[in-house]
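Q: Take this sequence and fold it.
(chains A, B, C and D)
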2 protein chains.
Amino acid sequence: MSRWSPNSRGRLEQAAYELFLGQGYEQTTVADIAKRAGLTERTFFRHYADKREVLFGGSAALQDQLLRELDRLPSTLPTIEAVRIAVEAIASLLHGRRALARERQRIVAAHADLQERELIKRATLTAALAQALQRRGVPEPAASLAADMGIGVFYVGFGHWLTDPADRELVEIVHEGFDQLKAVASGI
Amino acid sequence: MSRWSPNSRGRLEQAAYELFLGQGYEQTTVADIAKRAGLTERTFFRHYADKREVLFGGSAALQDQLLRELDRLPSTLPTIEAVRIAVEAIASLLHGRRALARERQRIVAAHADLQERELIKRATLTAALAQALQRRGVPEPAASLAADMGIGVFYVGFGHWLTDPADRELVEIVHEGFDQLKAVASGI
DNA sequence: ATGTTCATGTCAGTTACTGTCATCACATGG
DNA sequence: CCATGTGATGACAGTAACTGACATGAACAT
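A: Numbering: from 1, shown residues only, chains lettered A, B, ... in the order given. From the prediction side, this is the model:
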């Protein structure tokens, strides 16, 4: 058997969530998190570049899925349709995780430095999408605009998904978001 | 005469710029900055919430000017025109400071944590503008959209201003940016 | 067997940031 | 002219985020 318990990264993430929710983000030290995960502080920083990053482990998966989905699509598709399908793919990734997402949102909303991190993740995602669209042959500035709109629709929908009392699925909300976007853009 | 030399905040800012440019942002400690300004580290943190903030002293002035200019304008003006005039007002605030802005940009571009701060400043500015527009009677989501567009035009123009070899004034660039925005929005 | 790799531990160090109290020029009011 | 704030700064100790360097030992390859 292995020298160390498996999935140390996941254990760190889980420990962090438990402590952040139980005693607050600021009141939780990295040493606390590591201890609860049965590891040392030094090892935490081998898995996460800094304390905030433990709350953003999912964004890499999101970006991967977005780009992979885009690659699967025929390049004959209109740009906005390709973006819609790719964004809906990452929306479906969050299926059944609304409670978790809400808890995470509560933590992030309460701390300015976490919001900073969220903004740069969004900017990175947008830039990656814009670049992928350019690789598909979409010229500038259409690629950047389409990326902005697509990620914008995703985040707006995400906010609704978290706060709306009705529990519609995020994919649905995002789908309708694109309908509305088209309506606004065509001046209806 | 006064017990302390005047303008300690300004001295801290100047010292910070000199050191950041001379020996790099990371290599410069807050103690270094304070010492060069003839103050102590503790006093630095009384003027700036953290080390990064010393590079963002101007954004408060920007926001003030933006909102003040907007208040001066008659509410009969179309929303986009009001936004244009207010944004052009803050663009004129940077007149003659291009060299300084370029140096600052070089520092910010090289450090992810500074970019995070820049993004949240932009988001704050956008939110403040959207709120001011709502106070003028602009309904949602038009207020938020107009704010996004206005600040977007400003930042895109700012980027061109810094990188373009031709030295057109920022106000001009921003003015034309709004023209282009209108053209794109009306489907030309 | 033997060497290598790789995730982790250990430990010492730096630096950003905070709380608390002292100091003392200046203003203000009597 | 004296007493009494007030406000910006200094002094100092402390916490916690983050880093560099080296050690360890199970797993794995040869």
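
Q: At the contact with DNA strand D, which residues of chain A appear?
A: Chain A comes close to DNA strand D at residues A:1-3, A:28-31, A:41-42, A:45, A:49-52, as judged by Cβ under 7 Å from any atom of the strand. C-betas here are computed from N, CA, C, even on glycine.

Q: check contacts around A:R98.
A: A:161-162, A:167, A:170 (Cβ atoms under 8 Å, 6 or more residues apart in numbering or on different chains).

Q: Buried residues, the helix ranked longest in chain A. List them.
A: Determined from DSSP state H, the single longest helix within chain A is helix A:112-135. Across helix A:112-135, burial judged by 16 or more other Cβ atoms under 10 Å in any protein chain shown covers A:113-123, A:125-126, A:128-130, A:132-133.

Q: That helix to helix B:112-135, inter-axis angle?
A: In terms of direction (axes from the mean of the first three to the mean of the last three Cα atoms, to 10 degrees), helix A:112-135 departs from helix B:112-135 by 90 degrees.

Q: close to chain B, is helix A:112-135?
A: Yes: counting by Cβ under 8 Å from any Cβ of the partner chain, contacts between helix A:112-135 and chain B involve A:112, A:115-117, A:119-120, A:123.

Q: ok, that helix near DNA strand C or not?
A: No: against DNA strand C, helix A:112-135 shows no contacts by Cβ under 7 Å from any atom of the strand, the least distance being 8.5 Å.

Q: Could you check how far that helix is from the centre of its chain?
A: Centroid separation between helix A:112-135 and its chain, computed with Cα atoms, centre = their mean, to the nearest Å, is 10 Å.

Q: same for whichever helix or strand comes after it, what does it pack against?
A: Using DSSP states H and E, the helix or strand that follows helix A:112-135 in sequence is helix A:142-163. Helix A:142-163 is packed against helix A:79-93, helix A:98-109, helix A:112-135, helix A:170-185, with contacts defined by 3 or more Cβ pairs under 8 Å, 6 or more residues apart in numbering or on different chains; DSSP states H and E.

Q: what number of residues lie near A:F178?
A: Residues contacting A:F178 under the criterion other Cβ atoms under 10 Å in any protein chain shown number 21.

Q: what sits against it?
A: In this structure, A:F178 makes contact with A:80, A:84, A:87, A:153, judged by Cβ under 8 Å, 6+ apart.

Q: these two touch, right, the first one and A:K182?
A: Yes: counting by Cβ atoms under 8 Å, A:I80 does reach A:K182; the two are 7.3 Å apart.

Q: I'd like the residues of helix A:112-135 next to chain B as CSV, with pLDDT appended.
A: Shown next, in CSV, are the residues of helix A:112-135 next to chain B (pLDDT from 0 to 100):
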residue, pLDDT
A:A112, 97
A:Q115, 98
A:E116, 98
A:R117, 98
A:L119, 98
A:I120, 98
A:A123, 97
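
Q: biggest separation within those residues, which pair?
A: Maximum pairwise distance among those (Cβ to Cβ): 16.6 Å, between A:A112 and A:A123.

Q: hmm, stretch A:75-95 touching chain B?
A: No: using Cβ under 8 Å from any Cβ, we find that stretch A:75-95 stays clear of chain B, coming within 14.2 Å at best.

Q: outside of that stretch, which residues touch it?
A: So stretch A:75-95 is contacted by A:61-62, A:65-67, A:69-70, A:73, A:101, A:129, A:133, A:136-138, A:142-143, A:146-147, A:149-151, A:153-154, A:157-158, A:161, A:169-171, A:173-175, A:178, A:182 (Cβ under 8 Å, 6+ apart).

Q: Filter the residues you listed down to the buried ones.
A: The neighbour-count test (16+ other Cβ under 10 Å) marks A:62, A:66-67, A:69-70, A:129, A:133, A:136, A:138, A:143, A:146-147, A:149-151, A:153-154, A:157-158, A:161, A:170-171, A:173-175, A:178 as buried among those.

Q: who's in contact with the residue nearest the centre of chain A?
A: The structure's chain A has its C-alpha centroid closest to A:S59; by Cα atoms, centre = their mean the separation is 4.1 Å. A:S59 makes contact with A:121, A:124-125 under the criterion Cβ under 8 Å, 6+ apart.

Q: check contacts around the nearest residue to A:E116 once chain neighbours are set aside.
A: Distances taken as Cβ to Cβ, 6 or more residues apart in numbering or on different chains put B:E116 closest to A:E116, at 4.0 Å, once the chain neighbours are dropped. Contact partners of B:E116, counting by Cβ under 8 Å, 6+ apart, are A:116-117, A:119-120.
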